[in-house]
Structures are given as C-alpha cells and as structure tokens.
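K.L.:
build the 3D model from these lines:
(one chain, ligands or ions: 1)
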Amino acid sequence: MKRILISFQLVKCIRDVRVRSRAGFETERRGSHPYIDFRIFHSNSEIEVSVSARNVRRLLSFQRYLRSSRFFRGITVPNSSNILDDDYNGQAKCMLEKVGNWNFDIFLFDRLTNGNSLVSLTFHLFNLHGLIEHFQLDTMKLRRFLVMVQEDYHSQNPYHNAVHAADVTQAMHCYLKEPKLSKSLTPWDVLLSLIAAATHDLDHPGVNQPFLIKTNHYLATLYKNTSVLENHHWRSAVGLLRESGLFAHMSLENRQLMESQIGDLILATDISQQNEYLSMFRSHLDRGDLCLENANHRHFILQMALKCADICNPCRTWELSKQWSEKVTEEFFHQGDIEKKYHLGVSPLCDRQTETIANIQIGFMTYLVEPLFGEWARFSNTRLSQTMLGHLGLNKASWKGVQREQSGSGDDVDPAFEEMDSDILPQEPRLS
Ligand SMILES: [Zn+2]
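P.N.:
Residues are numbered from 1 along each chain as shown. So this is what the prediction gives:
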C-alpha cells in the first residue's frame, strides 16, 4: 500500500510540475491541480501542521483521488449513504417539478439527493430545456461530466461548494425563463449559461484572490494576479469538458467558441469588475439600445444574469438567505483565522473579532446587491424581479434589526464596503 501511495505521489508530482509549467491558456486537467497548501491549517493537530505543506497537499490529493474513484466504482462511503431510498428519491423528483420556483430550497434538495444536488439539478435542466436532444448529447457522458464537476467542488468549503453551484444554476434557470430572455435565447445560449453556472466556482479553494497573492500561490502567478480564481474556474471547466468528451461530436470551431464564451460568462462573476459591468448595463438601459436579436447583446445580458445568480442569496427568502450568510461568513472567518495564525495580515471582512454577519451583509447588500438588482429590474420588470427586490428589502431590515440588538446603535455599514468605489475594490474578498 505504501509503495502504491509513493508511486501515486510521484505521478502527482510530475503532473503538478506539468501544470505549473504551462502557459495560462492551457486547460487544467482534473485532479492535476493540487489542493491549496493552506489546507493543512484545517487541522488542529500539531503533528499534522508540522508535516510539510507539500506532503499534505499530495496526501489530500490522494484522498480526493480515492473519493472520486470510489464514486465511479459505485462503492458507498460509510455514513454518507443509506439515506437515499425510494421515498427520498420521490421527494427529490417532486421538488424538480418546481425547479423554476424562486422559493426552491436547494439545501433540502441536496439532502434528498444525498449530496448530489448539482448533478441531479443540472441533468434535469438539460432535459427540461431539450438540450440533450438538440445537441445529440450522450446521457452517460453528460452524467459523467456533471459528476466530475460536482466532485471538483470542495465539500469542506462552508460556502464555495457544489451546493452553491447548484443554487446559482437554479437561479440562472429562473432568469432564463424570464419572458424578455426566453423568447430570444437560442439552445446554444441556454447550454452555455447552464454549464457556466454549474462550473463558475469550480475547484474554489475557500480563500480569496488577495490570499492567493500574498501566499505566492502558483495560480496567482499563472494568472498574473488578475481574476485568478475566475480564470482557474474557467480553465478547470474546460479541462472537464475536454476530458468528458461530451461535445467531441461537435466541430473543433464550435468547441473552441463554446470554451471561450463560457470563459466570458465565468470571468464576469469577478466581483471586483462589478462597477465596469454595471455601468455598461446602466448605459445600455439609459439609451434603450439593447437588442436581444443581436448575439453580442444577448451574451452581455447572460453575463449580467450570471452575475445576478451568483450574488442572489440576499434576494431569497429569509430562511434560505440567512443560511447562506452564515456559510459565507464562516468561510471568511476561517481565512481570517489562518491569516492571524500565520501573521499574514487579516483581510477585510475576515476578522471574527471585529466583524459581524449583520455588518457584512448590510454592506454587501448596500454596495453590491441592491445596485445590481435595481438595474436588473429595469431590464426585466417582472414579478420575479419584484419578488427578489422585496426579499432583499426585508432581509436587509432583518439584519439591521440584528445589528441594532448587537451594537445598540445600528446603521453601521462595514467600512470595507464604503471604500468599494475606490481602488480598494479589487482587493476585497470575493463574496460570491
Ligand atoms: Zn459563486
């Protein structure tokens, strides 16, 4: 066993080196990018912490390999299966009948599908939109592709995991159904939108770009400190698309077009670019010149739709929204704990001693979510848009109530957000 482990590590080492030596526009093969070094900090054990980061990284990659191969061989993992019976299956199917409802409870759906919400939901949506038939997709390849996507999300991340991806994909589906969009979208647009939504945070390490830059992570170097995570999500998605052979029957030209358009969608989710996208959106709406017969305009709207889907948590019902807020804060604070422990300088919003969920959420809503969804409602003034703005208002009021209880004053907006219009924005943690 030890020999197998060592030889596997050797293979991993070779593959790691291969990835590191590549130019930025190569794909990042599944499993070839190592776990981020700081994963050692997940453990409190002094012994484990003292092991070199590189060894632990390989070990965790190996565990990940085992987890994946167990999944493909159909071997169940103790304590994580057995709950999936006909009754749960039936309830999950029932939920899928209402997949277009804004109240869709992705957490419940994830439990009912035994942690397979991303695979089940996306497969269902491909079917629902007639994509399997239209693009002559092999359903085995499609399922395998979706399983690989789901497996490449880190289930240890409190927020940036496959459930978030499933939630964003469900929201994207709701936006694609909006009358203004649905009547002009082509099957190609729908296909790209769903793939981009499902893969938009692929292999997210659970820390933000500034963290990767200050720890000299190779991804920061590879992508020259610009949209580091988003580029990685995109290249990882391309790697899985190629590996699965899902579109091998299409022309090379179409496959290349697909890869680049998926990239445009995923790169738009970089929150530090929000102002640029928003002012472009606003200008189009002011001029009233958006023409959805024009493919470029349509793809711009799909970028805006994916941006909305990515940060729509505060526009969900309080019960769902509150859970997301807790999860994202947990991830921020975990990063802050690592930064403190290793004297890396605590990033804004990541200090559990000085920040609160309420402060972070109020700042997030005021500076990022409200402006975006305000414009979206101008573009698509529908019941869904009004529902989302309604929840947003109520949720903000609820967090203000919490804030008042905690501080006795209220109206504290996180200073990190107040500076967001200035140059500090690209340095802020990703919130989505
Ligand atoms: Zn996201």
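
K.L.:
mind listing the helices for the stretch 151-300 of the chain?
P.N.:
162-176, 179-182, 187-199, 209-214, 218-222, 228-244, 252-267, 274-287, 295-310 (DSSP state H, counting those that start in this stretch).

K.L.:
scratch that, the stretch 301-432 of the chain
P.N.:
Under DSSP H, counting those that start in this stretch, the stretch 301-432 of the chain gives helices at 318-341, 357-364, 370-379, 383-407, 415-418.

K.L.:
count the neighbours of the residue in the stretch 101-250 of the chain that the ion sits nearest to for me.
P.N.:
Relative to the ion, the nearest point of the stretch 101-250 of the chain is residue 201 (4.2 Å; CB to the ion). C-beta: built from backbone N, CA, C; applies to glycine. Residue 201: 28 surrounding residues under other CB atoms under 10 Å.

K.L.:
how about it, nearest residue that isn't a chain neighbour?
P.N.:
residue 160 (5.1 Å; CB to CB, 6 or more residues apart in numbering).

K.L.:
pick out the residue closest to the middle of this structure.
P.N.:
Centrality entry for the chain: nearest residue to the mean C-alpha point is residue 201, 3.3 Å, by CA atoms, centre = their mean.

K.L.:
show the backbone phi and psi for it.
P.N.:
Residue 201 adopts backbone torsions of phi -120, psi 30, taken as degrees, to the nearest 10.

K.L.:
same question, residue 149
P.N.:
Here residue 149 shows phi and psi, under degrees, to the nearest 10, equal to phi -60, psi -50.

K.L.:
what residues does it make contact with?
P.N.:
Shown in contact with residue 149 (CB atoms under 8 Å, 6 or more residues apart in numbering): 118, 119, 122, 162, 165, 198, 199, 202, 237, 240.

K.L.:
same check, this time on residue 339
P.N.:
Counted by CB under 8 Å, 6+ apart, residue 339 has contacts 211, 345, 346, 347, 350.

K.L.:
measure how buried the spatially closest residue to the last one that is not a sequence neighbour is and give me the count.
P.N.:
When you say that, I think you mean residue 350. Excluding its sequence neighbours, the residue lying closest to residue 350 (CB to CB, 6+ apart) is residue 336, at 3.2 Å. As a burial measure, residue 336 scores 23 neighbours (other CB under 10 Å).

K.L.:
residue 336 reaches residue 348, doesn't it?
P.N.:
No. Using CB atoms under 8 Å as the test, residue 336 is too far from residue 348 to be in contact (9.6 Å).

K.L.:
residues from the stretch 101-250 of the chain in reach of the ion?
P.N.:
Residues of the stretch 101-250 of the chain lying near the ion by CB under 5 Å from the ion: residue 201.

K.L.:
8 Å instead?
P.N.:
Counting by CB under 8 Å from the ion, the residues of the stretch 101-250 of the chain lying close to the ion are 160, 164, 165, 168, 200, 201, 204.

K.L.:
taking those together, which two end up most distant?
P.N.:
Spanning the widest gap among those are 168 and 204, at 11.9 Å by CB to CB.

K.L.:
so between the two, which is more surrounded?
P.N.:
residue 168 (27 against 24).

K.L.:
show the contacting residues for that one.
P.N.:
Applying CB under 8 Å, 6+ apart, the residues near residue 168 are 197, 198, 200, 201, 306, 309, 310, 312.

K.L.:
residue 130 touches residue 137, doesn't it?
P.N.:
No. Between residue 130 and residue 137 there is no contact under CB under 8 Å: 10.7 Å.

K.L.:
just want to know which of these two has more residues nearby.
P.N.:
More neighbours surround residue 137 than the other of residue 130 and residue 137, with 18 against 11 (other CB under 10 Å).
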